[in-house]
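**Student:** Need a 3D model of the following:
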Amino acid sequence: MKAAVIEEAVTENVDEVEETDAMKLKIDGTEVPVTWEENSSVEALKEMSPLTVEMSMYGGFEQVGSIGKSIVRDDKQTTTDYGDIVLYSGNQIVIFYGSNSWAYTRLGHIDMSKEELTDMLGSKDVTLTLEK
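**Tutor:** I've put the predicted structure just below:
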């Protein structure tokens with residue numbers, strides 16, 4: 001009985017550490033909910049944070065911006081969907097509010113509706129902020 005209580009307490013503490021350790025993403029100062037991938041590229045971005053990236057609209061389906069240097073990448077041919085956050089060419093972050101097929105390293109996914117993302121990303125260039 002005691003072991004189960006201890007295990008539950010440890011599990012709760014681990015969950016709290018993971019939440020605290022998660023990187024935060026803000027778009028024009030508004031924090032958005034993100035599910036981050038567990039990979040070396042995300043770890044490299046955490047080490048660079050706080051990081052501000054000036055994003056530009058591109059192609060009517062994405063915002064793209066330079067992170068200022070190249071980081072580790074593991075590009076795979078993929079088809080993205082709205083909300084996907086990817087690394088392009090090892091030195092640019094792309095956030096999709098539409099879809100595209102290319103070789104990217106997946107970083108995470110913004111957990112918002114397509115309509116919310118299009119409203120936030122589809123009408124003007126934005127500023128992205130990554131914080132620990």
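
**Student:** which parts of the longest strand seen in the chain are buried?
**Tutor:** The single longest strand within the chain, with elements called by DSSP state E, is strand 101-110. Under the neighbour-count criterion of 16 or more other CB atoms under 10 Å, strand 101-110 has 104-110 buried. Yep, even glycine has a C-beta here, placed from its N, CA and C like the rest.

**Student:** quick one: it to chain centroid distance?
**Tutor:** 9 Å (CA atoms, centre = their mean, to the nearest Å).

**Student:** Could I get the full set of helices for this structure?
**Tutor:** Secondary structure of the chain by DSSP state H: the helices cover 2-21, 40-48, 114-121.

**Student:** hmm, who's touching stretch 22-42?
**Tutor:** 45-46, 49, 71-74, 85, 87, 95, 105-112, 120-121, 126-132 (CB atoms under 8 Å, 6 or more residues apart in numbering).
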